[in-house]
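Asks: Sequence first, predicted coordinates after that:
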Amino acid sequence: MAIVFEKPKALANVPLHYCPGCTHGIIHRLVAEAIDALGIEGTTVGVAPVGCSVMAYNYFNCDMVEAAHGRAPAVATGLKRAMPENIIFTYQGDGDLASIGMAETVHAATRNENITVIFVNNAIYGMTGGQMAPTSLPGQVTQTSPYGRDVKHCGWPVKVCEMLAQLEGPEYLERVAVNNVKNIRNAKRAIQKAFENQINNKGFSLIEVISSCPTNWGMTPQKALQWIDDNMIPYYPLGVYKDRSAEQEKA
Amino acid sequence: MSTMNILIAGFGGQGVLFAGKFLAYKGLLEDRQVSWLPSYGPEMRGGTANCNVILSDDPIGSPIVNKPDCLIVMNKPSLDKFVDTVVPGGMILIDSTMIDSKVERDDVTVYYVPASKLAGDAGFSTLANMILVGKLLYAMKDKGMDNVEEILKHVIPARKMDLLDINKKAIQTGYDYEA
Amino acid sequence: MAEKVLMKGNEAIAEAAIMAGCRHYFGYPITPQTEIAAYMAKRMPKIGGCFLQAESEIAAINMVYGAASAGVRVMTSSSSPGISLKGEGLSYMAGSDLPALVINVQRGGPGLGGIQPSQSDYFQSTRGGGHGDYHMIILAPASVQEMASLTFKGFDLAEKYRMTAMILADGTMGQMMEPVSLEMGEINEHDKSWAVTGTKMARKHNIINSLSLIPEELEQQNFDRYARYKKVEENEVMYEEYLMDDAEICIVAFGIAARVSRNAINEARAQGIKVGMIRPITLWPFPKDALDKAADTCKAFISVELSMGQMIEDVQLATKCRRPVTLCNRAGGMIPSPEEVLQAIKEAKGGLE
């Protein structure tokens, strides 16, 4: 009997702690599939963030480092500079990457640091129980914006791909989602490309993955996936925001 | 027990630190204990600069020269500030082009050297500092001009070695000047 | 004997680090230690190393964290306000048991403070500086030669005990030039099997981590770490005694304060006062036993510091408050003069009569 579906080898055989319906599991799987497909598990070192995916270091079979909150791109920089031949990726949430770690993100990007960044944007702080994130939508109700995010009071959401695309530095920026099969397949392609870019020494590649948080959004997993379509993607349009190599080929 | 505490003071850009470095290397090449400490701070060119140099035959304690045996001053504010700190029996070397006042103490030896004018006349206007160093070598009466070239080779950066000759000339000028 | 060269303290640190095999430097500019970064920026590209100016001290220490995770010799340098920013990373490195060398060329504080020499980060450094139970090995050079040799040794100790070593210097040590011999000896090899260099598919994955959500486990990790710290306390204490044989007054001072005190001691001896000095070279581990023993014979202690009095507490603890300990100090970037120390010695002497 042919095997048509199995767990990626780079994914550890341990239970994940994520809430039911959370799409972190899918994104972990896509990262592990890319590592498998490229045969790089033995040389890859991942950097886990602080946030829901803090324990990602237990979930991948490659070597892993747990970074301080927001500092994953700096830690990855240290790793990559010490071991240019190894493959280094960070896995970060929106609070980690776009709030407390914004400086590290922008500067790793502008240095075109040859690393792969997986940026999971679910518009909320999940681990701490549902506070407003830098990417929470205008009007979005959270524990710390109980009347809805008032942009006059606390500002607008950060559009990370659009912002980083203004920099000369980064090689590749793409926003994808994992709320349906078509989007997942596209996310898989994008994540693999982000690793390939590193293998080919092209530099900083960031994949922003629009993800759901049924628990803290207060809805069923199914409704959460629909909420991505209805609210997240209109605000955070999917697509490639920068692809220097492709642009150069065109020119 | 022989220790010489030297304080060199002037404006930033007058070569105060370089002169100190020369004296420190002199000590090093003569196998003595040496320390060199600049005042550091936001003062750049035009601000005050001073440099503490200690040459000793014994291990050096504090590298800070509070009571110099030898004071070299290249501007008036520095003379006013430090003149009373020189130990009795010590010496003061003054760039008399820059400072027109006289020292009123009679317990120190004072050398008035128009270093800036001598330097300008000789065509190396930036080397008044080394003219004063030359006078100090004379005043120290130890090895005279013996190892000046060797010291300079250590002190002048490789890419500026073409300045060795005029540095040597400047030191000689100061050494020979009859104060 | 190797030829001696005149070097600035900051440059001596940089060169000694390179001789110790350090090929990775991450830092952010701050006075008065920029010569270290400048030296590294010049040298590293020529020897196949990496100098990278980070976007902040926080990023710099986390780059150190990353490179240390890879098992390479790595360092950063800063001055007091910058070290506060690095506090987070220092705590994480302690929690992850990562070796690295950190340089603090102290300046006066608190806050932005000034840029003149200070020793007011004594508490911050000897007590860890960041959150949590941990220590760093704190090395306090008092000469340019020690700036070099303690840097070299610092890397070795850091790797031997898998912890951060810190050079706690001050502006004078960084800026002064003295003759220095760069003969440093052999580099010791230490186990790096914990490093995240890629599994090569030949071993289980390594994880560098300070998170531990099960209190029993986290407690055990703390116990294990402190067992290691105990070994450091047993084996690595360094101090220098000066004229202690017949001393009835003992000065305790490190760094520039010890240099100034030496002048004062010589003058006091010339005046017939029996005074000596214990100069801690390691501030953590602190030379407790040496001070305790000194308290058997010395009748008074003076802590000479460039702070409002921080090390004095360790002197009191080490001597078990058996003898009076007085403070001779300046702060905010000021340095006590030999006369001020001499005065303190005379006052201590007067107190004995």
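Replies: Cool, the structure landed. Quantities reported herein were computed from a predicted structural model and do not represent experimental measurements. Numbering: from 1, shown residues only, chains lettered A, B, ... in the order given.
Asks: need the contact list for whichever residue of chain A sits closest to chain B.
Replies: Here the residue of chain A nearest chain B is residue A:103; by Cβ to the nearest Cβ that distance is 26.4 Å. In short, each C-beta sits where N, CA and C put it, glycine included. Counting by Cβ atoms under 8 Å, 6 or more residues apart in numbering or on different chains, residue A:103 touches C:55, C:56, C:58, C:59.
Asks: same thing but at 7 Å, please
Replies: By Cβ atoms under 7 Å, 6 or more residues apart in numbering or on different chains, residue A:103 lies in contact with C:55, C:56, C:59.
Asks: Excluding chain neighbours, what is closest to the most centrally placed residue in chain B?
Replies: Nearest to the geometric centre of chain B sits residue B:133, at 4.6 Å (Cα atoms, centre = their mean). Spatial nearest neighbour of residue B:133, excluding adjacent residues (Cβ to Cβ, 6 or more residues apart in numbering or on different chains): residue B:19 at 5.1 Å.
Asks: Quick check: the one you found vs chain C, distance?
Replies: Separation of residue B:19 from chain C (Cβ to the nearest Cβ, to the nearest Å): 13 Å.
Asks: That residue: which element?
Replies: Residue B:19 belongs to helix B:16-29 when assigned by DSSP states H and E.
Asks: Give me the contacts around the very next helix or strand once past that helix.
Replies: Downstream of helix B:16-29, the next assigned helix or strand under DSSP H and E is strand B:33-38. Outside strand B:33-38, the residues that touch it by Cβ under 7 Å, 6+ apart are B:17, B:20-21, B:24, B:27-28, B:51-60, B:63-64, C:6, C:172, C:175-179.
Asks: can you give me the offset of strand B:33-38 from its chain's centre?
Replies: 13 Å (Cα atoms, centre = their mean, to the nearest Å).
Asks: and the angle from it to helix B:16-29?
Replies: For strand B:33-38 against helix B:16-29, the angle by axes from the mean of the first three to the mean of the last three Cα atoms, to 10 degrees is 170 degrees.
Asks: Per-residue pLDDT of the residue of the stretch 151-251 of chain A found nearest chain C, please?
Replies: Residue of the stretch 151-251 of chain A nearest chain C, by Cβ to the nearest Cβ: residue A:169 (12.3 Å). With respect to pLDDT, residue A:169 scores 97.
Asks: Could you report the neighbour count for the residue lying closest to it once chain neighbours are set aside?
Replies: Nearest non-adjacent residue to residue A:169, counting by Cβ to Cβ, 6+ apart: residue A:110, 3.9 Å away. When neighbours are defined as other Cβ atoms under 10 Å in any protein chain shown, residue A:110 has 16 of them.
Asks: so which residue of chain A comes closest to chain C?
Replies: Distances between chain A and chain C by Cβ to the nearest Cβ are smallest at residue A:78, namely 2.4 Å.
Asks: just to revisit the earlier point, does the residue nearest to the centre of chain B belong to a helix or a strand, and which?
Replies: Going by DSSP H and E, residue B:133 is in helix B:128-140.
Asks: Then residue A:186?
Replies: helix A:181-199.
Asks: how near is the closest residue to residue A:70 other than its chain neighbours to residue C:224?
Replies: Closest residue to residue A:70 apart from its sequence neighbours, by Cβ to Cβ, 6+ apart: residue A:101 at 2.5 Å. As judged by Cβ to Cβ, to the nearest Å, residue A:101 and residue C:224 stand 30 Å apart.
Asks: So for these two, which residue has more residues nearby?
Replies: Taking other Cβ under 10 Å, residue A:101 and residue C:224 do not tie; residue A:101 has more neighbours (28 against 11).
Asks: my guess is that one meets residue A:74, correct?
Replies: No - at 8.2 Å, residue A:101 does not count as touching residue A:74 under the criterion of Cβ atoms under 7 Å.
Asks: after the helix or strand where residue A:75 lies, next one along is what?
Replies: Element membership for residue A:75, per DSSP H and E: helix A:72-82. Once helix A:72-82 ends, the next helix or strand along the chain (criterion: DSSP H and E) is strand A:87-93.
Asks: helices or strands up against that next one?
Replies: The contact analysis (3 or more Cβ pairs under 7 Å, 6 or more residues apart in numbering or on different chains; DSSP states H and E) places strand A:87-93 against strand A:44-48, helix A:72-82, strand A:116-121, helix A:181-199.
Asks: hang on, the earlier thing: tell me the angle of the helix holding residue B:19 relative to helix B:128-140?
Replies: Interaxial angle, helix B:16-29 versus helix B:128-140 (the same axes, to 10 degrees): 40 degrees.
Asks: what comes into contact with stretch C:206-224?
Replies: Against stretch C:206-224 from outside (Cβ under 7 Å, 6+ apart): A:54, A:57, A:63-66, C:69, C:92, C:95-96, C:98, C:133, C:194-196.
Asks: Show me which pair in the residues you listed is furthest apart.
Replies: Distance extremes for those: the farthest pair is A:63 and C:133 at 26.8 Å, using Cβ to Cβ.
Asks: Comparing these two, which residue is more hemmed in?
Replies: residue A:63 (29 against 14).
Asks: Against the centre of chain C, work out the most remote residue.
Replies: No residue in chain C has its C-alpha farther from the mean C-alpha position than residue C:201, which lies at 39.8 Å (Cα atoms, centre = their mean).
Asks: correct me, but the residue of chain A closest to chain C touches residue C:59?
Replies: No - counting by Cβ under 7 Å, residue A:78 sits too far from residue C:59 to count as a contact (9.5 Å).
Asks: Compare neighbour counts for the two and give me the winner.
Replies: residue A:78 (35 against 29).
Asks: Identify the residues contacting the closest residue to that one other than its chain neighbours.
Replies: The shortest distance from residue A:78 to any residue other than its chain neighbours is 2.4 Å, reached at residue C:66 (Cβ to Cβ, 6+ apart). Contacts were defined as Cβ under 7 Å, 6+ apart; by that measure residue C:66 touches A:65, A:74, A:75, A:76, A:77, A:78, A:79.
Asks: Closest to residue A:44 out of those residues?
Replies: Among the contacts of residue C:66, residue A:79 lies closest to residue A:44 (Cβ to Cβ), at 10.5 Å.
Asks: element containing the residue lying closest to the closest one once chain neighbours are set aside?
Replies: Spatial nearest neighbour of residue A:79, chain neighbours left out: residue C:66 (4.2 Å); criterion: Cβ to Cβ, 6+ apart. Assessed by DSSP H and E, residue C:66 sits inside helix C:57-69.
Asks: That concludes my questions; thank you for your assistance.
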